[in-house]
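# Here's a sequence, model it:
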Amino acid sequence: MKRPVYNAFKSLLFNRGHFFAAIVYRLTCLIPNDALYLKILYRLEFKRKLDLNNPITYSEKLQWLKLYYHNPIHTIMADKYAVKQYVKELVGEQYIIPTLFVWDRMEDIDWENLPQQFVLKTTHDSGNFGVIICKNKSKLDISSVEKRLRKSLNRSTFILGREWPYKNIKPQIIAEKYMEDIAQGELRDYKFFCFDGVVKAMLIASGRHSGKDVCVDFYDRDFNWLPLRQSHENAEIHPQKPMLLSEMITLAERLSLGIPQVRVDLYESNGQIYFGEYTFFNSGGLTPFRPEEYDYQFGEWLTLPDNMI
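Numbering: from 1, shown residues only. Model prediction:
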């Protein structure tokens, strides 16, 4: 894009209200230049220029990794089905949530043979958009679930956030065993921020099954609560320290060894640890930290690789 046109586009993009920005966000998905696309999104979210030549903050460095660090193994690690074999070979099958079925198309789902409780996931999507938690099949609105899964199958996390690991994942649907921790009455996410195989911080997502918004609390590796927020509110009562925290940290570090940075998501259920997923770009690297100082702190922990892949 020539500079005068680009400057005019920026003027329109960054000096309008939220409604206009939402429309432009959808249009920018059509931009083929990944660096330009990420610069636009970054400016929208952070109200500042994305510095790819000298990235300092965590959010800036994540955009750099999207563009310049494409390790083929990350595609397997981001695939919610293929990653199970990868993790099994690294640490053992005991950490894997059992897979009940795998389907290539939404129309192939065998609703009749699914148990009363189960979880459906699309293998190529990120976040919870393509996740269906069923606690009672007799009350499940199948048509609504099919509509949501169809949307997820047609979504591209690569196009939306230019997250390269998702680019070549084959979209599939998997059914997993329903998991719940009896003591908590839910299955809490314990998400560990790992930098070259070292856990530096973690977050706990709670209230997922409450029917209300999920709450998120951040902690350092010693389980000291951090006054940090992104898109979710903190829980009114901070979650208690998980019984198997030390074991989870050890497992997360084994699973992240040799990777510049990755979030390792684990579950603790009835005295057993289970692997959830790898997340290479926390919130796409496009959700501001509040307060901003933590964006710089996390950025200090992330050393970018010398060689681009």
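
# P32: neighbour count?
For P32, the neighbour count with other CB atoms under 10 Å is 6. (C-beta placed from N, C-alpha, C; glycine too.)

# Model confidence for it, exactly?
pLDDT, P32: 88.

# Report the secondary structure state of R148.
Of the three states, R148 takes helix under DSSP: H, G, I helix; E, B strand; the rest coil.

# and if you look at the one 4 residues further on?
Applying three-state DSSP to S152 yields a three-state assignment of helix.

# again, but for L100
L100 - assigned by three-state DSSP - is strand.

# and if you look at S246?
S246 ends up helix, using three-state DSSP.

# What's the separation between it and E253?
Counting by CB to CB, to the nearest Å, the gap between S246 and E253 amounts to 11 Å.

# okay, these two: which has more neighbours?
Counting neighbours by other CB under 10 Å for S246 and for E253 shows that E253 has the greater number, 17 against 9.

# what's the helix or strand for that one?
Assigned by DSSP states H and E, E253 falls within helix 245-256.

# List of residues touching that helix?
Identification of contacts with helix 245-256 by CB atoms under 8 Å, 6 or more residues apart in numbering yields 87, 90-91, 95, 190, 192, 194, 196-199, 221, 223, 242, 262, 264, 266, 268, 273, 275, 278.

# Kindly report the same for stretch 257-264.
By CB under 8 Å, 6+ apart, stretch 257-264 touches 61-62, 65, 69, 77, 191-197, 251-252, 255-256, 275, 278-280, 282, 301-305.

# how about the helices in the protein?
Counting by DSSP state H, the chain has these helices, from start to end: 3-14, 18-28, 34-46, 58-68, 73-78, 82-91, 142-154, 157-161, 245-256, 293-301.

# most tightly surrounded among those helices?
helix 58-68 (a mean of 22; mean count of other CB atoms under 10 Å).

# What is that one packed up against?
helix 34-46, helix 293-301 (3 or more CB pairs under 8 Å, 6 or more residues apart in numbering; DSSP states H and E).

# again, only using 10 Å
Applying 3 or more CB pairs under 10 Å, 6 or more residues apart in numbering; DSSP states H and E, we find helix 58-68 packed against helix 34-46, helix 157-161, helix 293-301.

# what's near enough to touch the nearest residue to G161 once chain neighbours are set aside?
Closest residue to G161 apart from its sequence neighbours, by CB to CB, 6 or more residues apart in numbering: G284 at 4.2 Å. Applying CB atoms under 10 Å, 6 or more residues apart in numbering to G284 gives the contacts 38, 41, 45, 59, 62-63, 66, 126-127, 157, 160-163.

# what's the closest of those to N53?
Q63 (11.9 Å; CB to CB).

# Please tell me how far that closest one sits from S231.
Counting by CB to CB, the gap from Q63 to S231 is 18 Å.

# now T157
On the measure of CB to CB, T157 and S231 end up 17 Å apart.

# who's V262 bridged to?
Beta-bridge pairing of V262 under DSSP bridges involves C194.

# burial measure for it, as a count.
25.

# Check W164 too.
23.

# Just the pLDDT at it, thanks.
95.

# Excluding covalently adjacent residues, which one is nearest to it?
Per CB to CB, 6+ apart, closest to W164 is H70, 5.0 Å.

# cool, D181 as well?
S269 (4.7 Å).

# Name all residues that make contact with the nearest residue to E45 once chain neighbours are set aside.
Excluding the flanking residues, the one nearest E45 by CB to CB, 6+ apart is L286, at 4.9 Å. When contacts are counted by CB under 10 Å, 6+ apart, L286 touches 38, 41-42, 44-46, 59, 62-63, 160-161.
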